[in-house]
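# Sequence first, predicted coordinates after that:
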Amino acid sequence: MLAKGFRNRPPADLRLLDEALVKVSNMIIDFPEIKELDINPLVLRGSISIALDARVVLDEQALDQRGEEYHHLIISPYPTKYVKQWHAPMDGRSS
């Protein structure tokens, strides 16, 4: 419905929605004390997304937990120590 439009509304910019979801995901990663987050509604207008109402519940115990950096996530981010830049040859052949 979002991609096609509904109730006389134009289609939503799904790339903008993706961008908003990635930003929310990054916020959850950066702030483990967020226990719950509710955004309703999220409005996509032109080139901006706006959370008209949001509710955040904090986990006070998360502040006391020390240990692994991403203990609050079910799936941890990819370890940056394994990331390296690699450049393909200009002629497109593999080396």
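Great, that's in hand.

# same question for stretch 24-43, mean pLDDT?
The average pLDDT within stretch 24-43 is 90.

# May I see the buried residues of that stretch?
24, 32, 34, 39, 42 (16 or more other Cβ atoms under 10 Å). Placement of C-beta: from N, CA and C, glycine included.

# Mind putting these into JSON lines with secondary structure and distance to D53?
Formatted as JSON lines, the buried residues of stretch 24-43 follow (DSSP: H, G, I helix; E, B strand; the rest coil; distance: Cβ to Cβ, whole Å):
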{"residue": "V24", "secondary structure": "helix", "distance to D53": "14"}
{"residue": "P32", "secondary structure": "coil", "distance to D53": "24"}
{"residue": "I34", "secondary structure": "strand", "distance to D53": "16"}
{"residue": "I39", "secondary structure": "strand", "distance to D53": "7"}
{"residue": "L42", "secondary structure": "strand", "distance to D53": "9"}
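
# which one of the residues you listed sits closest to A88?
V24 (33.7 Å; Cβ to Cβ).

# Identify the residues contacting that closest one.
Residues in contact with V24 (Cβ atoms under 8 Å, 6 or more residues apart in numbering) are 37, 39.

# Which stretches in the chain count as strands?
Listed in chain order, the strands of the chain (DSSP state E) span 34-39, 42-45, 48-51, 54-58.

# Now tabulate those in a markdown table and tack on distance to K84.
Shown next, in a markdown table, are the strands of the chain (distance: least, Cβ to Cβ, whole Å):
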| stretch | distance to K84 |
| --- | --- |
| strand 34-39 | 32 |
| strand 42-45 | 36 |
| strand 48-51 | 34 |
| strand 54-58 | 37 |
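
# so which of those gets nearest L14?
Among these, strand 42-45 sits nearest to L14 (Cβ to Cβ), with 8.7 Å.

# Just the residues contacting the closest one, thanks.
For strand 42-45, the external contacting residues (Cβ under 8 Å, 6+ apart) are 12-13, 16-17, 20, 49-52.

# Pull up the gap between L37 and L73, please.
From L37 over to L73 the distance is 14 Å, taken as Cβ to Cβ, to the nearest Å.
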